[in-house]
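1. any chance you could fold what I've pasted below:
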Amino acid sequence: MDKLIVIFCLCLAGCTSVEIPNYIKADHTYTRKIYDSYDRVVAATRRVLEHAHWKVVKETSPEVYEHGPESSHNTQNAVLLFTEIKQLPRFLYSSYAHLNVYIQSTPDGSLVEVRYAKHTPILGKEMQSTKNDQLVEGLLDKIEQDLSENK
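-> Model (predicted):
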């Protein structure tokens, strides 16, 4: 009987609501310099995200969120893309993940910065992760591949 109560409590823990902000702080970023034009990099990034089932739900100027000395670069050609929050169901709980992609024009190409966040509410607490090397490095590789195939 005790096991049933524990399982029931674990199931209820997955039913909590989580407030997930769209903006992901730059605690852990994946950055890659891509030697192609800003417009082509933005288009390729959108195609790759869509193909990987990461729907872009908002596009904004990075100046709205980025403050400090690292944001003092020329942001005339810069964009911050927010993806939808994906539910990642597990056996007794769910996790929720999303991406921010910051693309900035540079004199010899574009700088692409991807931020990943995964939130997992368990037993009234929220665990957060900002690393997913395989996913993000794969997306960056696919952006470069898309650009080389669509020259």
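2. the longest helix seen in the chain packs against which elements?
-> When secondary structure is assigned using DSSP state H, the longest helix within the chain turns out to be helix 133-149. Using 3 or more Cβ pairs under 8 Å, 6 or more residues apart in numbering; DSSP states H and E as the contact test, the elements touching helix 133-149 are strand 29-34, helix 38-51, strand 109-122. Yep, even glycine has a C-beta here, placed from its N, CA and C like the rest.
3. out of these, which one sits most buried?
-> For those, the stretch with the most neighbours on average is strand 109-122, a mean of 20; neighbours defined as mean count of other Cβ atoms under 10 Å.
4. between helix 133-149 and that one, find me the angle.
-> Compare the direction of strand 109-122 with that of helix 133-149 by axes from the mean of the first three to the mean of the last three Cα atoms, to 10 degrees and you get 150 degrees.
5. separation between Gln104 and Glu144?
-> Taking Cβ to Cβ, to the nearest Å as the measure, Gln104 falls 16 Å from Glu144.
6. between these two, which one's more packed in?
-> A direct count of neighbours by other Cβ atoms under 10 Å for Gln104 and Glu144 places Gln104 higher, at 22 against 17.
7. now that one, nearest residue through space, not along the chain?
-> In space, Gln104 comes closest to Ala78 once its chain neighbours are excluded; the distance is 4.3 Å by Cβ to Cβ, 6 or more residues apart in numbering.
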